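Output the structure for:
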Amino acid sequence: MKKNLKNLTVLLSVITIAVLLIFTLAFTTTTKNINVLGKTINTNKAPVGTVISKEAALTDYENAIAALINNVREQNGLNALAADESLTEVARQRSQDLINRNYFSHYTPEGTNVFDLMRSMGISFRYAGENLAQSSPASIGTPEAFLNAWLNSPTHRDNILRSQYTKIGVGMVEIDSRRVVTTVFSN
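From the prediction side, this is the model:
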């Protein structure tokens with residue numbers, strides 16, 4: 001009986017250590033393989049022209065990102081952002097370009113950025129920002145992991161909590177072992 005009890009104690013100890021190791025590896029891997037970038041612009045000009053905002057058709061993943069961001073904003077006394085079709089198109093184009101041309105920067109290889117893309121699509125804004133995130137392997141890039149990475153970076157957190165923003169676009173693209181998420185904010 002004592003031998004069985006001792007064996008059971010050893011088995012439970014091994015299981016406990018294994019579970020702790022798995023959790024430690026999961027959280028350590030997540031933070032090491034997720035990269036984030038943030039950029040903001042204030043034109044100090046009133047918007048020119050009018051873009052009619054339409055509710056964006058977000059994927060479940062993109063919606064989860066937007067919902068998490070809105071939860072953080074509301075917890076900090078800010079209004080939720082409206083999903084915007086035009087900004088979502090910009091975000092998806094940015095994510096696709098980052099994947100297709102295998103770079104990770106606010107600037108394209110030609111030197112243009114999200115604000116140039118927004119203007120070229122006829123999107124007017126006074127305040128705008130972009131947060132980028134990527135993960136490899138793609139599976140560790142959960143909405144929660146990306147949100148946590150952004151919130152742990154002062155510039156990304158500032159973008160998420162900028163009171164002037166009223167709209168958001170979210171675009172996620174995944175190919176092979178890489179996932180890229182772009183969030184675009186504006187007023």
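
Distance across stretch 69-80, terminal residue to terminal residue?
8 Å (CA to CA, to the nearest Å).

contacting residues around it?
Leu81, Leu147, Leu151, Ile160, Leu161, Ser163, Thr166, Ile168, Thr183 (CB atoms under 8 Å, 6 or more residues apart in numbering). All C-beta spots, glycine's among them, are computed from the backbone N, C-alpha and C.

Go ahead and confirm the first one touches Ile65.
This means Leu81. No - here Leu81 does not reach Ile65: they are 11.0 Å apart, not a contact under CB atoms under 8 Å.

which of those two has more neighbours?
Counted by other CB atoms under 10 Å, Leu81 and Ile65 do not tie: Ile65 has more neighbours, with 27 against 21.

what about the more buried one, distance to Ala149?
Using CB to CB, to the nearest Å, Ile65 is found at 12 Å from Ala149.

Confirm Thr182 sits in a strand?
Yes - using DSSP: H, G, I helix; E, B strand; the rest coil, the assignment for Thr182 is a strand.

give me the number of residues near it?
30.

residue boundaries of the strands in the chain?
Using DSSP state E, the strands of the chain run over 34-42, 82-83, 127-135, 167-175, 178-186.

would you list those in TSV and tack on mean pLDDT?
Compiled in TSV, the strands of the chain are given as follows (pLDDT from 0 to 100):
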stretch	mean pLDDT
strand 34-42	50
strand 82-83	96
strand 127-135	96
strand 167-175	96
strand 178-186	97
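
would a markdown table of the ones you listed with distance to Asn76 be doable?
Formatted as a markdown table, the strands of the chain follow (distance: least, CB to CB, whole Å):
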| stretch | distance to Asn76 |
| --- | --- |
| strand 34-42 | 17 |
| strand 82-83 | 17 |
| strand 127-135 | 16 |
| strand 167-175 | 15 |
| strand 178-186 | 15 |
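
winner for burial among those?
strand 178-186 (a mean of 27; mean count of other CB atoms under 10 Å).

Please name the strands paired to that one in the sheet, noting orientation.
Paired neighbours of strand 178-186 in the sheet (DSSP bridges): strand 127-135 (antiparallel), strand 167-175 (antiparallel).
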